[in-house]
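Q: Structure of the sequence below:
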Amino acid sequence: MKEYAIIVAGGKGTRMKQTISKQFIELNGLPILMHTINAFKAYSNDVEIILVLPKDEIAIWEELCRKFDFSTEVTVTTGGDSRFQSVKNGLNIISEEKGLVAIHDGVRPLVGKDIIGASYRLAAVHQSAVAAVRLKESIRITDQDTTKAVDRSDFRMIQTPQTFDLALIKKAYEIKEEPSLTDDASVAERSGHKISLFEGSYSNIKITTPEDLIIAEALINNK
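A: Okay, the predicted model is just below:
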């Protein structure tokens, strides 16, 4: 079955305290986004990659490709004003109705090929496969006046890739966008589909703060 990957890279560098968008920050000598693309190509050269970027950053990406001699073939399309719109734009690039599509954050560069492969295999069986990890720390529910301890074993931290049957997720993204739809699993669930989780990895971090960059550098150097 044909495998696609939509890599969504629309984040800014606000929390990174950088003027450059976080997906373009260098990590171990290469922009974060290139590490992410390389991770999918390490899994399989046959994966068709669709890169979703803000319109005003496509030229920056093209310049970085020249600077770092990055020639991996990807299809670039423009994002929307939200993640929902950006993913929908990426899905619209795919003309086929049959296949599997992994949707992945551009700033999760340490995803392993074992996680990617598992997501495709499980999605082929269950129609969805969403990476998740168990919580390591205690958590509490809070309101304005009180807090209450809850059983952390009942909860999971959701990661990407979030991989789906192509026809299913295309249909799911026809629903109306709402603020509560924060990821692809929530979109598919709102459309009436059951979400299957599988074990992700604690090293599959999303780089959003300067501390994350330090951790990612250490993990790369430890490989």
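Q: How many residues are close by Leu33?
A: 25 (other C-beta atoms under 10 Å). Where C-beta positions appear, they are placed from N, C-alpha and C, glycine not excepted.
Q: swap in Thr142?
A: 9.
Q: Buried ones in the helix or strand hosting Ala59, by neighbour count?
A: Using DSSP states H and E, Ala59 maps to helix 58-67. Buried residues in helix 58-67, counted by 16 or more other C-beta atoms under 10 Å: Ile60, Trp61, Leu64, Cys65.
Q: Moving C-terminal from it, which element do we reach first?
A: Downstream of helix 58-67 (by DSSP H and E), the next one is strand 75-78.
Q: ok, that next one: who's next to it in the sheet?
A: Each strand paired with strand 75-78, and its direction, by DSSP bridges: strand 48-53 (parallel).
Q: just for this protein, where's the confidence low?
A: Across the chain, residues meeting the criterion (pLDDT under 70) sit at 11-18.
Q: what about the most far-flung residue of it relative to its centre, is that helix, strand or coil?
A: In the chain, counting by C-alpha atoms, centre = their mean, Asp145 sits farthest out from the average C-alpha position, at 35.6 Å. Assigned with DSSP: H, G, I helix; E, B strand; the rest coil, Asp145 falls in the coil class.
Q: That one and Ile139, how far apart?
A: Separation of Asp145 from Ile139 (C-beta to C-beta, to the nearest Å) stands at 18 Å.
Q: which other residues reach the helix holding Ala59?
A: Residues from elsewhere that reach helix 58-67 (C-beta atoms under 8 Å, 6 or more residues apart in numbering): Ser21, Phe24, Pro31, Leu33, Met34, Leu51, Leu53, Phe70, Ser71, Val76, Thr78.
Q: Go again with 10 Å.
A: For helix 58-67, contacts defined as C-beta atoms under 10 Å, 6 or more residues apart in numbering pick out 9, 20-21, 23-24, 26, 30-31, 33-34, 51, 53-54, 57, 70-72, 74, 76-79.
Q: Among the residues you listed, name the buried ones.
A: 9, 21, 23-24, 31, 33-34, 51, 53-54, 57, 70, 74, 77-79.
Q: Which stretches in the protein count as strands?
A: Secondary structure of the chain (DSSP state E): strands at 3-8, 26-27, 30-31, 48-53, 75-78, 100-105, 128-134, 139-142, 147-150, 156-165, 197-199.
Q: Quick one: the ones you listed as TSV, columns for distance to Lys206 too.
A: What follows is the strands of the chain, written out as TSV (distance: least, C-beta to C-beta, whole Å):
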stretch	distance to Lys206
strand 3-8	11
strand 26-27	13
strand 30-31	16
strand 48-53	16
strand 75-78	21
strand 100-105	6
strand 128-134	11
strand 139-142	19
strand 147-150	23
strand 156-165	7
strand 197-199	17
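Q: Comparing those strands, which stretch has the densest surroundings?
A: Sort the strands of the chain by mean neighbour count, taking mean count of other C-beta atoms under 10 Å, and strand 100-105 sits at the top with a mean of 27.
Q: strands paired with that strand, and their directions?
A: strand 3-8 (parallel), strand 156-165 (antiparallel).
Q: Kindly reformat those as CSV containing distance to Asp184.
A: Compiled in CSV, those are given as follows (distance: least, C-beta to C-beta, whole Å):
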stretch, distance to Asp184
strand 3-8, 9
strand 156-165, 4
